[in-house]
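A.B. asks: sequence and computational prediction follow.
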Amino acid sequence: MTISTKKNVQKLNNLEFYDFKPKLVDFKEEVISGLSKKEKTLAPKLFYDKKGSELFEQIVELEEYYIPLIEKKLLMDNIISINEFMGENVSIIEPGSGSCEKVRRILSAHKSIKNYIPIEISGDFLFHAAEKVAKEFPNINIIPICADYLNNFSLPESLKKESKNKVIFFPGSSIGNYDSNDVIKVLKKFIELTDNQGGLLIGVDLKKDKDVLEKAYNDSKGITAQFNLNLLHRIKNELNVDLDVNNFEHQSIYNQEVGRIEMYIVSKKQQSFMIDNLKISFEKDEKIHTENSYKYTVNEFRDIALSLGYKKHFYWTDEKEYFSINYFQL
Ligand code: AVJ
């Protein structure tokens, strides 16, 4: 583990950056292995290059994509009780913190937060986001950790001893990308991080009408389609592949039996392209599976968390019961 000493950066005495030098995603390797499978896949983490991240910023502004608005309202309307459940001298740990935007609602409303620990794989991005938070909240220690939150990192020793009340903040229904085995792995990791005595504040998207769900992932402005098809633009540009993105289309369907949105890139015709010497062929209507987004009932998700050791559960939903904020306590 190294504590990086970045030059040309204003020293803030409430900011301490830890860099575990996570292995970055090898785009080419991921694409080749995904497209060589019998059922072709591309992992959702590949969405987020610069263009993809910009498109995602547009998705979260869409009315049809109800998640961010409802989550924001639920957090704001219930911030007092949420803060009470979290207790005092809290350390908030946010795996996959991105721009650290949502946590501000908690940091500014809570009187007794000691530490905020955002964890993110992209170091520069993390550093700048954390620096902003550090300036805005001079009384909170900001301890960004550059790491893949499921692998090879640990919290600084000082944190392990000092603060009992560790709370994991995992908003946005990020948990939706994980299938049932991985949800268990992720939650177990969270329990380990909070030393078997903390809390978990997590946004979970709920099962609902197929129509509402499919519109959320196939919006009328076509932004989600662009976001999905951006994967093909990445392949074309970054791997120098001769392919025509117009020969593919975006598809999102709600698989009711499994309870998940499935996103695909569909080949409009029989075609192929070359990645170096490797030929990737498609039948007409053949799909590349690009994302799953699992939906739960409140009870389904509660039962998973309780079976892993969480003891108390509090939750908040909107009137239509589209989305839930859950607080679990160990
Ligand atoms: C970032 C995984 C929460 O599944 O709702 C949104 C990603 N994909 N629209 C989700 C996403 C297409 C999103 N998560």
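C.D. replies: That came through fine. Numbers count the residues shown, from 1 in each chain.
A.B. asks: could you pull out the helices for this protein?
C.D. replies: 27-36, 50-59, 67-77, 79-86, 103-109, 123-136, 157-162, 180-193, 210-216, 223-238, 298-307 (DSSP state H).
A.B. asks: which of these has the lowest mean pLDDT?
C.D. replies: Among the helices of the chain, helix 157-162 has the lowest mean pLDDT, at a mean of 78.
A.B. asks: distance from it to the middle of the chain?
C.D. replies: For helix 157-162, the gap between its own C-alpha mean and the chain's C-alpha mean amounts to 26 Å (CA atoms, centre = their mean, to the nearest Å).
A.B. asks: who are the packing partners of that helix?
C.D. replies: Secondary structure elements in contact with helix 157-162, counted by 3 or more CB pairs under 8 Å, 6 or more residues apart in numbering; DSSP states H and E, are strand 113-120. The C-beta positions use only the backbone N, C-alpha and C, and glycine is treated the same way.
A.B. asks: hmm, who's touching the strand it packs on?
C.D. replies: Residues outside strand 113-120 that contact it (CB atoms under 8 Å, 6 or more residues apart in numbering): 89-98, 100, 103, 106-107, 126, 129-130, 133, 137, 140-147, 149, 153, 155, 159, 162-163.
A.B. asks: and stretch 74-91, by the same measure?
C.D. replies: Here stretch 74-91 has contacts from 102, 105-106, 109-117, 159, 163-167, 171, 199, 201, 314, 316-318, 323-325, 327, 329, using CB under 8 Å, 6+ apart.
A.B. asks: can you check stretch 301-315 too?
C.D. replies: With CB under 8 Å, 6+ apart as the criterion, stretch 301-315 contacts 81, 85, 183-184, 187-188, 191, 196, 200, 204, 298, 324-330.
A.B. asks: can you get me the start-to-end distance on that stretch?
C.D. replies: Stretch 301-315 stretches 11 Å from its first residue to its last (CA to CA, to the nearest Å).
A.B. asks: before we move on, what about stretch 251-269?
C.D. replies: This stretch, stretch 251-269, spans 15 Å end to end (CA to CA).
A.B. asks: contacts for that stretch next, please.
C.D. replies: For stretch 251-269, using CB under 8 Å, 6+ apart, the contacting residues are 42, 176, 207, 210, 213-214, 216-218, 224, 228-229, 231-232, 247-250, 282-296.
A.B. asks: of those residues, list those near the ligand.
C.D. replies: Contacts with the ligand within those, as defined by CB under 6 Å from any ligand atom: 176, 217, 224, 291, 293.
A.B. asks: dump the residue contacts of the third one.
C.D. replies: Listed by CB under 8 Å, 6+ apart, the contact partners of residue 224 are 59, 62, 65, 217, 218, 250, 252.
A.B. asks: please apply the same query to the last one.
C.D. replies: Residues counted as contacts of residue 293 (CB under 8 Å, 6+ apart) are 173, 176, 177, 205, 217, 260, 261, 263.
A.B. asks: how's the protein carved up into domains?
C.D. replies: Domain assignment for the chain by automatic domain parsing gives 27-61+210-294, 66-208+295-329.
A.B. asks: so who does the residue of the stretch 1-150 of the chain found nearest the ligand touch?
C.D. replies: As assessed by CB to the nearest ligand atom, the ligand sits closest to residue 59 within the stretch 1-150 of the chain, at 5.1 Å. Neighbour list for residue 59: 65, 219, 223, 224, 227 [criterion: CB under 8 Å, 6+ apart].
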